[in-house]
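Colleague: Sequence and computational prediction follow.
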Amino acid sequence: MGELVNDGITAVWVSHDAAQLRRVADVVLRIDDGRYDGSERVERGPRTEEV
């Protein structure tokens, strides 16, 4: 995943696991029952492990 970020590639990651999304995402967009339910920018320190 780090290589994609370094190359400026955008990826869409779909998951029901909110903790997983926050580990890999810069921005989390929430969909509930097929409708937009908000978004947030994820703030984190330097990555210490590869996902």
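Modeller: Cool, got the structure.

Colleague: Please report how far residue 31 lies from residue 16.
Modeller: Per Cβ to Cβ, to the nearest Å, residue 31 is found 11 Å from residue 16. (Glycine included, C-beta is placed from N, CA and C.)

Colleague: and the two? which has more neighbours close in?
Modeller: Comparing residue 31 with residue 16 by other Cβ atoms under 10 Å, the one with more neighbours is residue 31, at 11 against 6.

Colleague: which non-adjacent residue is nearest the more buried one?
Modeller: For residue 31, ignoring the flanking residues on the chain, the nearest one in space by Cβ to Cβ, 6 or more residues apart in numbering is residue 37 at 6.2 Å.

Colleague: Make sure the one you found is indeed in a strand.
Modeller: Yes. Assignment of residue 37 by DSSP: H, G, I helix; E, B strand; the rest coil places it within a strand.

Colleague: Surely it and residue 30 touch.
Modeller: Yes. The pair residue 37 / residue 30 is scored as a contact, 4.2 Å apart, by Cβ atoms under 8 Å.

Colleague: Okay, now the unreliable bits of the protein?
Modeller: Within the chain, the stretches with pLDDT under 70 are 1-2, 44-51.

Colleague: so who does the spatially most central residue of it touch?
Modeller: Central residue of the chain (Cα atoms, centre = their mean): residue 25, 1.9 Å from the mean position. Applying Cβ atoms under 8 Å, 6 or more residues apart in numbering to residue 25 gives the contacts 13, 42.

Colleague: Over to the one 3 residues further on?
Modeller: The contact partners of residue 28, by Cβ under 8 Å, 6+ apart, come to 18, 21, 22, 39, 40, 42.

Colleague: Surely the last one is in contact with residue 19?
Modeller: So that's residue 42. No. Counting by Cβ under 8 Å, residue 42 does not reach residue 19; the two are 11.2 Å apart.

Colleague: more neighbours, these two?
Modeller: Taking other Cβ under 10 Å, residue 42 and residue 19 do not tie; residue 42 has more neighbours (12 against 7).

Colleague: For that one, give its distance to residue 33.
Modeller: Here the distance between residue 42 and residue 33 works out to 23 Å (Cβ to Cβ).

Colleague: Check which strands are paired with whichever strand or helix holds residue 40 and give the direction for each one.
Modeller: Counting by DSSP states H and E, the element that carries residue 40 is strand 35-41. Strand 35-41 pairs in its sheet with strand 27-32 (antiparallel), by DSSP bridges.
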